[in-house]
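Undergrad: Here you go, sequence then predicted model.
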Amino acid sequence: MPKITGGCLCGSVRYASDAEPALVAACHCRTCQKNTGSAFSLNLGMPTGSVTITGESVATYEDRTGASGKPFFRTFCSRCGSPISGRGDAYSGLTFIKAGTLDDPSW
């Protein structure tokens, strides 16, 4: 299987997965717009157990603004601010990787 790798703008945070994406989602909700500073967020839904995120500057924000009201944990680089991933009970078993952080954007 192809290995998916990526990281933040400054290189302090890296991630990898040996799994294929379960889905690719373009979300246009207001929360994703604010998280990305854009009109939408393009995400790869990866099996949670397959994703490894490393780096000393990984930070997590607990977001409760979604429609479910359940917490959604957003990781980002505390040095450069790049959003990296998101996961939460509303999407059990999936970790969403921000497509813009992929080393190989052809995914």
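TA: Cool, the structure landed.
Undergrad: Check the residue most central in space within the chain and give its pLDDT.
TA: Nearest to the geometric centre of the chain sits Ser85, at 1.9 Å (Cα atoms, centre = their mean). In the predicted model, Ser85 carries a pLDDT score of 97.
Undergrad: now the residue lying closest to it once chain neighbours are set aside, which residues is it bridged with?
TA: Spatial nearest neighbour of Ser85, excluding adjacent residues (Cβ to Cβ, 6 or more residues apart in numbering): Thr75 at 4.7 Å. For the C-beta atoms, the positions are set from N, CA and C on the backbone; glycine is no exception. Thr75 has the following beta-bridge partners by DSSP bridges: Thr60, Ser85.
Undergrad: how close does Thr75 sit to Cys27?
TA: Distance, Thr75 to Cys27, using Cβ to Cβ, to the nearest Å: 16 Å.
Undergrad: Please say which of these two ends up with more neighbours.
TA: Thr75 (23 against 15; other Cβ atoms under 10 Å).
Undergrad: Just list what the helix or strand bottoming out on mean pLDDT in the chain packs against, helices and strands only.
TA: The weakest-scoring helix or strand in the chain, judged by mean pLDDT, DSSP states H and E, is helix 30-36 (a mean of 90). Other elements packing on helix 30-36 under the criterion 3 or more Cβ pairs under 8 Å, 6 or more residues apart in numbering; DSSP states H and E are strand 41-47, strand 83-88.
Undergrad: Of those strands, which is nearest Ala22?
TA: Nearest to Ala22 among these is strand 41-47; the distance by Cβ to Cβ comes to 4.8 Å.
Undergrad: who does that closest one pair up with?
TA: strand 23-27 (antiparallel), strand 94-98 (antiparallel).
Undergrad: Average pLDDT for that strand, rounded please.
TA: So the average pLDDT for strand 41-47 ends up being 96.
Undergrad: Need the residues that contact that strand.
TA: With Cβ atoms under 8 Å, 6 or more residues apart in numbering as the test, strand 41-47 has contacts from 4, 17, 19, 21-27, 32-33, 35, 86, 91, 93-100, 102, 107.
Undergrad: Good, we can wrap up now.
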